[in-house]
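[1] Okay, predicted coordinates and the sequence, questions at the end:
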Amino acid sequence: GNSVTQMEGPVTLSEEAFLTINCTYTATGYPSLFWYVQYPGEGLQLLLKATKADDKGSNKGFEATYRKETTSFHLEKGSVQVSDSAVYFCALGRGSQGNLIFGKGTKLSVKP
Amino acid sequence: DAEITQSPRHKITETGRQVTLACHQTWNHNNMFWYRQDLGHGLRLIHYSYGVQDTNKGEVSDGYSVSRSNTEDLPLTLESAASSQTSVYFCASSQSGAKVDTQYFGPGTRLTVL
């Protein structure tokens, strides 16, 4: 079946450190892949997405590349800020179905 | 601006009571979803709808029901609230199309069942 696996947190970094959050997936065909972010006390919001292999999604300094050969969509940022402290969710969607399958989330804390 | 709202934002109820959580979107999206978020489980899908009069069960639908009488609203009903249903509930919507599209989330409802 379809599934998403993310690295477990929490992840604690100092400001300006490099961030990687690993995400791998299992799915048939060519799913669309998403990263969502949830700030404290809020709902999820889309951070970036990619709809086909080798696509790179980017937003707010975050990037992720859709790697079909390794079934991965790792999230990276070169220099994190305190304001990036949040929970990050990787998700996949297949075909024309509206459903998304979410990973369990990774909590990031950035210290000044 | 289009948005998706949930009400109430916080609710405390007693075991056995019926509770309804409201979700309203002005995106004119066909697809609507209800999730619950619990520590250690991430987001789990409760029910979803692809259009008016369409409803489908998700991963954790027992004890919950939904109905879709118009495009804008998908209320979630807990028929007889249980302590295991204490959680944060999120509603989301998305446009239907050839490929799965971005889901837009509401701010959540924190439900406590005593």
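    That came in fine, so what should we check first?
[2] make it CA atoms for all contacts and neighbour counts henceforth
    Noted.
[3] which bits of chain A sit near chain B?
    Contact residues, chain A versus chain B (C-alpha under 8 Å from any C-alpha of the partner chain): A:32, A:41-46, A:93-99, A:102-105.
[4] Just the buried residues from those residues, in PyMOL please.
    Command for PyMOL, covering only those of those found buried under the criterion 16 or more other C-alpha atoms under 10 Å in any protein chain shown:
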select buried, chain A and resi 32+43+44+45+46+93+94+98+99+102+103+104+105
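[5] Just the ones of the residues of chain A next to chain B in strands?
    A:32, A:44-46, A:93, A:102 (DSSP state E).
[6] Please name the two of those that end up farthest apart in the structure.
    A:Ser32 and A:Leu44 (17.5 Å; C-alpha to C-alpha).
[7] you'd agree B:Val60 is up against B:Arg44?
    Yes - at 6.9 Å, B:Val60 counts as touching B:Arg44 under the criterion of C-alpha atoms under 8 Å.
[8] which residue sits closest to residue 22 in space, ignoring its chain neighbours?
    Going with chain A. In this structure, A:Asn22 finds its nearest non-sequential neighbour in A:His74, 4.5 Å apart by C-alpha to C-alpha, 6 or more residues apart in numbering or on different chains.
[9] not what I meant, chain B
    The shortest distance from B:Ala22 to any non-neighbouring residue, by C-alpha to C-alpha, 6+ apart, is to B:Pro75 (4.6 Å).
[10] again, but for A:Lys111
    A:Lys111 sits nearest to A:Ser14 (C-alpha to C-alpha, 6+ apart), 4.8 Å away.
[11] Spell out which residues of chain B are next to chain A.
    Counting by C-alpha under 8 Å from any C-alpha, the residues of chain B lying close to chain A are B:31, B:40-44, B:50, B:90, B:94-108.
[12] do that again at 6 Å, thanks
    Proximity of chain B to chain A, by C-alpha under 6 Å from any C-alpha of the partner chain, involves residues B:41-42, B:97-100, B:105-108.
[13] which of those residues has the weakest pLDDT?
    For these, the weakest pLDDT value sits at B:Ala98, with 62.
[14] what's the lowest-pLDDT member of the ones in strands among the residues of chain A next to chain B?
    Among these, A:Gly93 carries the lowest pLDDT, at 87.
[15] give me the number of residues near A:Asn2?
    12 (other C-alpha atoms under 10 Å in any protein chain shown).
[16] hmm, I was thinking of A:Pro112
    The number of residues packed near A:Pro112 is 9, by other C-alpha under 10 Å.
[17] One more: B:Cys23?
    B:Cys23: 25 surrounding residues under other C-alpha under 10 Å.
[18] How about B:Leu39?
    For B:Leu39, the neighbour count with other C-alpha under 10 Å is 10.
[19] tell me the contacts of it?
    By C-alpha atoms under 6 Å, 6 or more residues apart in numbering or on different chains, B:Leu39 lies in contact with nothing.
[20] Strands along the chain, start to end?
    No chain specified, so I'll use chain A. A:3-6, A:11-14, A:19-21, A:23-26, A:32-38, A:44-50, A:56-59, A:62-65, A:75-77, A:86-93, A:101-102, A:106-111.
[21] was after chain B, sorry
    So, for chain B - with DSSP E - the strands run B:4-7, B:10-13, B:19-25, B:31-38, B:42-51, B:54-57, B:64-66, B:76-78, B:87-94, B:104-105, B:109-113.
[22] thinking A:Ala17 is in contact with A:Ser79, fair?
    Yes - under the criterion of C-alpha atoms under 6 Å, A:Ala17 makes contact with A:Ser79 at 5.1 Å.
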